[in-house]
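*Asks:* this one's structure only:
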């Protein structure tokens, strides 16, 4: 809860100008400052009774009958003294700031000299009267004043015209028409024991009209647009000036409170919304238009109370803040449960109005000057509609409350040590903050993290806060060095277009090299080599390797440094020595194929798959012959086989001169791929291959080679004698489809019952089973003979069924095609003057159609005169197209003979 605290309570009146916040986790909504300068001097010898706020200036009334015009800083620019018969105006020359309040005084404005001003002040001090209310129009050019002695003055700040009237009773309120400066709106109202409307007519005379009387003293009045709201002892009335009708009467809730001690507070939120505060009750009223069907004898408008609720304390003033309310409370605790210090201090609350209750948003206790001596009627709350400024007026003090801006929000966050949120808020609103700087807030955050020994977080924030400021970066690096935390900041140093001096990076690398080899290696991998002096770091690594020559981390890092320095041969040697996975990437990236021609064996020993793929992908850089030569002495490691095998898979013709050599390598190291190689290769010497396979007794490969060389009978013999596999023998005979092979197979199998069973099961579709059955000796016991015979019969029946089905399909198709051909041949053929005889080449039709003629048209569409055709051949009546017969397209018979 924010407080305006007193520093001293002596007569000198020295107080703080800003509210201090209590230690709360909830941020206050408003900030406070005391209106000082000329106001302080005025209130030392006088007391404030009322004040009106305009966007350009302030108007302050006092208990001694003075009215001061103030700029927004509180400097007095003009003073008006309410005397017994007129208003004396004196110019104040001290603390003047006309530019701040935008008041331009005309040359002909009435001025009193210092002696007259002094005399007027003496008169007023002898006969002082309290200023009850000051009213300004929207333009700020006209002012209305009413005082306790019954005087009412309305005059222009820039003109001589004015209205002066004295009544026999105190005048409590005055309100000018909002557009009073315009000639058509010269109206104002005053309130004492009755509400009077003054209106200037076309004769430039003031006409008076009583709007209301008989319900006690008028204590407050507010004029907005065409609506006038006033409060008397019984309640609040609203008058529609455009229709000259009173449209509502809102009764007072708590009639036990004295209206003069707990006055009513009125505030227009907009042109149709009135906020009423009286005692502890708040009502929000909305003026609405009545439907034409509901009017009858009723006013055109009516008032709907949209919200009504009770508060804890007595209301001194109201003001709107967006959709919320700012309320000034007079705190009085009849139960005596509150602290003595808090009991009489006024409170400024922000509340959210609900239909039947309210929600407190914030609450601030205010320590205004001499608050212990004040009562509820001594406080007022005024606000500026142009800005969210709220003025708390008490007899001896004026406090200005305003919404906290982004700078205030950041101040509060920094005070609560919420640096992360403060930095985020500053970054979001960097265009709007005035007192803060994003980088300074960030530096405060970094200092806070360092003090709390959260070095990693502090280093991480450096990247965001320091930005491109090289001086700050270097200062932070040295600070982290002094506290021994270079490791924390190392990963966040700039390394792109923005870079520090090389010495900074080298200092960090040397620090890591002394304490953390892994961290050093990580930095070398992550940092570009241009950040530091590469040769100096290489020398430092070599010095450490003298002490620990087998340290893999240092060796790997040294290879990377050599790579940055483009000494790729040195890096390659280290990678091969370490069998490092990046060796192949290094070769590809920097095209080091010329450097590995003598290191192929090492690469193959390290990773055969990657080495072979790399060599095959770069045949233009390392020839096949070179690779074979390098691997020639190490065939037991499968290098040659692996390399030549994949080469053969990629292209059967590449490396064809090594196919003869591959036979032995396949036979020695990779027999499963030998037979596929023999089948696919067209450059393999069959005799050499047969010799090798026979030496090693590779039956399957030998059978393939024998069959490929044309010695199928020998191949079949090997299958039957050495493999004794009737299924393979039958399959081989099927592949060759040779009757002699089948005969050899039957002859070999005739005395072997298992072979006979196999033949009976598989021979039916290639050889007549009767030939085999007839050659079986009587009495020979054959396993599964019955099943084999059943299968033969079943296969035979299946073949018969297939043949019959095929025959039916063939007959049906033939018949269909015959019918189609018959229909085609039965079609007519058009013969006209454009057709010619294919023999004599004259027009097929005679010029004189009356003469008899005869034409023959063949199905091939060739046409002849009948006399041009040669005589029929051996078959009488059968004629052929000479053209189609000559082209051997087959004979065609005449399909049409035309005679006439």
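*Replies:* That came in fine, so what should we check first? Bear in mind that the values here come from a model prediction, so they are computed numbers and not experimental data.
*Asks:* Which parts of the stretch 351-500 of the chain are helices?
*Replies:* Here the stretch 351-500 of the chain has its helices, by DSSP state H, counting those that start in this stretch, at 406-415, 419-428, 438-451, 455-465, 470-482, 486-490.
*Asks:* now the shortest one, how far from the chain's geometric center?
*Replies:* From the chain centre to the centre of helix 486-490 is a distance of 32 Å (CA atoms, centre = their mean, to the nearest Å).
*Asks:* Tell me which helix or strand comes right after it.
*Replies:* Using DSSP states H and E, the helix or strand that follows helix 486-490 in sequence is helix 502-515.
*Asks:* Buried deepest among the helices of the stretch 351-500 of the chain, which one?
*Replies:* Sort the helices of the stretch 351-500 of the chain by mean neighbour count, taking mean count of other CB atoms under 10 Å, and helix 486-490 sits at the top with a mean of 21. All C-beta atoms are positioned from the backbone trio N, CA, C, and that covers glycine.
*Asks:* what pLDDT, on average, does it get?
*Replies:* Averaging pLDDT along helix 486-490 gives 86.
*Asks:* what's in contact with it?
*Replies:* With contacts defined as CB atoms under 8 Å, 6 or more residues apart in numbering, helix 486-490 is touched by 455-456, 458-459, 462, 476-477, 480, 507-508, 511-512, 516, 519, 523.
*Asks:* Next, the buried residues of stretch 173-188.
*Replies:* Residues 173-178, 180-181, 185-188 are the ones in stretch 173-188 that count as buried (16 or more other CB atoms under 10 Å).
*Asks:* ditto for stretch 37-54
*Replies:* Neighbour counts over stretch 37-54 (16+ other CB under 10 Å) mark 37-40, 42-43, 46-54 as buried.
*Asks:* Using the three-state scheme, assign residue 545.
*Replies:* Under DSSP: H, G, I helix; E, B strand; the rest coil, the three-state class of residue 545 is helix.
*Asks:* neighbours of it, just the number please.
*Replies:* If you count neighbours by other CB atoms under 10 Å, residue 545 ends up with 15.
*Asks:* Against residue 559, how distant is it?
*Replies:* Separation of residue 545 from residue 559 (CB to CB, to the nearest Å): 12 Å.
*Asks:* same thing with residue 304?
*Replies:* Residue 304 is 85 Å from residue 559, by CB to CB.
*Asks:* Wait, residue 673 touches residue 666, no?
*Replies:* Yes: here residue 673 reaches residue 666: they are 5.8 Å apart, a contact under CB atoms under 8 Å.
*Asks:* got any residues that touch both of those two?
*Replies:* Joint contacts of residue 673 and residue 666 (CB under 8 Å, 6+ apart) are residue 645.
*Asks:* between the two, who's got more neighbours?
*Replies:* Counted by other CB under 10 Å, residue 673 and residue 666 do not tie: residue 666 has more neighbours, with 24 against 16.
*Asks:* the bottom helix or strand of the chain by mean pLDDT?
*Replies:* Every helix and strand of the chain was ranked by mean pLDDT, DSSP states H and E. The lowest is helix 98-101, at a mean of 38.
*Asks:* re earlier: tell me the one among the buried residues of stretch 173-188 nearest to residue 700.
*Replies:* Among the buried residues of stretch 173-188, residue 178 lies closest to residue 700 (CB to CB), at 114.0 Å.
*Asks:* phi, psi of the closest one?
*Replies:* The phi and psi values for residue 178, taken as degrees, to the nearest 10, are phi -60, psi -30.
*Asks:* Please name the nearest non-neighbouring residue to it.
*Replies:* Using CB to CB, 6 or more residues apart in numbering and skipping residues adjacent in sequence, the residue nearest residue 178 is residue 138, 4.7 Å away.
*Asks:* In what element of secondary structure is the one you found found?
*Replies:* Applying DSSP H and E, one finds residue 138 in no helix or strand.
*Asks:* tell me the pLDDT at the residue positioned nearest the centre of the chain?
*Replies:* Note on the chain: the residue nearest the mean C-alpha position is residue 428, at 16.7 Å, using CA atoms, centre = their mean. Looking at residue 428, its pLDDT reads 85.
*Asks:* Repeat that for residue 34.
*Replies:* Per-residue pLDDT puts residue 34 at 91.
*Asks:* pretty sure it is in contact with residue 396, am I right?
*Replies:* No: with contact defined as CB under 8 Å, residue 34 does not count as touching residue 396 (11.1 Å).
*Asks:* sorry, back to before: can the helices of the stretch 351-500 of the chain go into JSON lines with extra columns for distance to residue 146?
*Replies:* Below are the helices of the stretch 351-500 of the chain laid out as JSON lines (distance: least, CB to CB, whole Å):
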{"stretch": "helix 406-415", "distance to residue 146": "38"}
{"stretch": "helix 419-428", "distance to residue 146": "47"}
{"stretch": "helix 438-451", "distance to residue 146": "52"}
{"stretch": "helix 455-465", "distance to residue 146": "60"}
{"stretch": "helix 470-482", "distance to residue 146": "63"}
{"stretch": "helix 486-490", "distance to residue 146": "71"}
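*Asks:* Domains in this protein, by residue range?
*Replies:* The chain breaks down into these domains under the TED database: 414-500, 508-580, 713-783.
*Asks:* looking at those, which is closest to residue 279?
*Replies:* domain 414-500 (37.8 Å).
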